[in-house]
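K.L.:
Structure for this input, please:
(2 chains)
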Amino acid sequence: MNPIEIISAILISVGIFFLFAGTVGLIRLPDLYCRMHSTGKADTLGITISLTGIALYNLNDGVTLVSVLVSLKIMTIAVFWFIANPTATHAIARSAYESGIKPWTKEGTVEVDLDEQRAKEQK
Amino acid sequence: MIEKNENIILKNITQYLVAFIQLFGLYVIAHGHGSPGGGFQGGCILAASYILMITTLGIEDTKKKYNEFKKHLFNSLGVFIYAFTGFVCLLLGANYLDYSGLSNLFPVDPIKARYIGTFVIEVGVGITVMSIMLTIFVELLTVKRKQS
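P.N.:
The predicted model follows:
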């Protein structure tokens, strides 16, 4: 293995670790805001690092004009993702807040009967 | 109906991203015969950039710029380009949509003429797909709900 392969393997592994952490958060955390918090940051970093590793690995077979152009396209995807994903997270979380979804609290873990709660709110 | 959104983050990011999305759509149309993509996919990407603009910046500006006349013009312009290219080939002595006939009109060999002809009809497909997608979206947004 030459140095480029080792460095790109490390970068892709670190990116996959962040993606894994974000996915665990998506499954395990209790409500929408916590899940947005988990995926919004971990996925952004994970995808960016993984794509950097892939772009580096693409230069492994020799630095020609074609391979440099392909690497530049991959890095453009990374930059696009780096800008678009936090913006989308912001938009979803903000619209959820404005449409009245309450953030999770410790009391919220108690099983709530929805019909009973609606009847209480109507009184 | 989508109202005007005053969120400064969404507004600024959308303004910067839309330019790159449209550039990518043009790239997909232009490289359709050499790589994955083509007129339909590129037109969809172009339409998606306009739909992103409508959902974040409000529909009022878009409705002003994309009026009835332009809607009908662009809907039929792409079909016209497609059919007209085929008809030119017919006039030049080849079959309908047989672009090698274009080599009589331009000083190129038949293979290059096929390349150019495919590119021209891809542009036509792209224009029509973009316009029809945008028309469907705008019509669905502005339809009046039935009083029930």
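K.L.:
Kindly report the residues of chain A close to chain B.
P.N.:
If contacts are counted using C-beta under 8 Å from any C-beta of the partner chain, the residues of chain A sitting beside chain B are A:F80, A:I83, A:A84, A:T87, A:H90, A:A91, A:R94. (Each C-beta comes from the backbone N, C-alpha and C, glycine too.)
K.L.:
Only the buried subset of the residues you listed, as a ChimeraX command please.
P.N.:
Remark: buried members of the residues of chain A next to chain B, expressed as a ChimeraX selection using 16 or more other C-beta atoms under 10 Å in any protein chain shown:
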select /A:84,87,90,91
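K.L.:
and which of the residues of chain A next to chain B is nearest chain B?
P.N.:
Nearest to chain B out of the residues of chain A next to chain B is A:T87 (C-beta to the nearest C-beta; 4.6 Å).
K.L.:
Next, that closest one: secondary structure please.
P.N.:
In terms of secondary structure, A:T87 is helix; the call rests on DSSP: H, G, I helix; E, B strand; the rest coil.
K.L.:
Contacts (any at all) between chain A and stretch B:16-30?
P.N.:
Yes - where contact is defined by C-beta under 8 Å from any C-beta, part of stretch B:16-30 touches chain A, namely B:Y16, B:L17, B:F20.
K.L.:
what sits up against that stretch?
P.N.:
A:80, A:83-84, B:37-39, B:41-43, B:45-46, B:48-49, B:52-53, B:119, B:122-123, B:126, B:130 (C-beta atoms under 8 Å, 6 or more residues apart in numbering or on different chains).
K.L.:
Likewise for stretch B:48-56?
P.N.:
The contact list for stretch B:48-56 (C-beta under 8 Å, 6+ apart) reads B:2, B:5, B:7, B:10-11, B:14, B:17-18, B:21-22, B:25, B:62, B:66, B:130, B:133-134, B:137-138, B:141.
K.L.:
same deal with stretch B:111-131?
P.N.:
Contact with stretch B:111-131 is made by B:25, B:29-30, B:32-33, B:38-40, B:42-44, B:46-47, B:50, B:71, B:74-82, B:85-86, B:89, B:97, B:99-103, B:106, B:108, as judged by C-beta under 8 Å, 6+ apart.
K.L.:
helix or strand for the most centrally placed residue in chain A, which one?
P.N.:
By C-alpha atoms, centre = their mean, chain A has its centre lying nearest to A:D43, at 2.1 Å. A:D43 is part of helix A:32-58, with elements assigned from DSSP states H and E.
K.L.:
helices and strands around that helix, which ones?
P.N.:
Contacts defined by 3 or more C-beta pairs under 8 Å, 6 or more residues apart in numbering or on different chains; DSSP states H and E place helix A:32-58 against helix A:3-28, helix A:65-98.
K.L.:
need the least confident one among these, by mean pLDDT.
P.N.:
When the helices and strands packed on helix A:32-58 are compared by mean pLDDT, helix A:65-98 comes last with a mean of 91.
K.L.:
Name the residues of it that are buried.
P.N.:
A:S71, A:I74, A:M75, A:A78, A:A84, A:N85, A:P86, A:T87, A:T89, A:H90, A:A91, A:A93.
K.L.:
mind checking how far stretch A:5-23 is from the chain centre?
P.N.:
Centre-to-centre, stretch A:5-23 and its host chain are 13 Å apart (C-alpha atoms, centre = their mean, to the nearest Å).
K.L.:
Please enumerate the helices of chain B.
P.N.:
The residue ranges that make up the helices of chain B, judged by DSSP state H, are B:8-30, B:39-57, B:59-65, B:68-91, B:110-142.
K.L.:
Let me know which of those is the nearest to A:L29.
P.N.:
helix B:8-30 (23.7 Å; C-beta to C-beta).
K.L.:
Return the set of buried residues in that closest one.
P.N.:
Of the residues in helix B:8-30, those scored as buried under the neighbour-count criterion (16+ other C-beta under 10 Å) are B:L10, B:I13, B:T14, B:L17, B:V18, B:I21, B:Q22, B:F24, B:G25, B:V28, B:I29.
K.L.:
ok, back up a step: write the ChimeraX selection for whichever of the contacts of stretch B:16-30 are buried.
P.N.:
To isolate the buried members of the contacts of stretch B:16-30 in ChimeraX, using 16+ other C-beta under 10 Å:
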select /A:84 /B:37,38,39,41,42,43,45,46,48,49,53,119,122,123,126,130
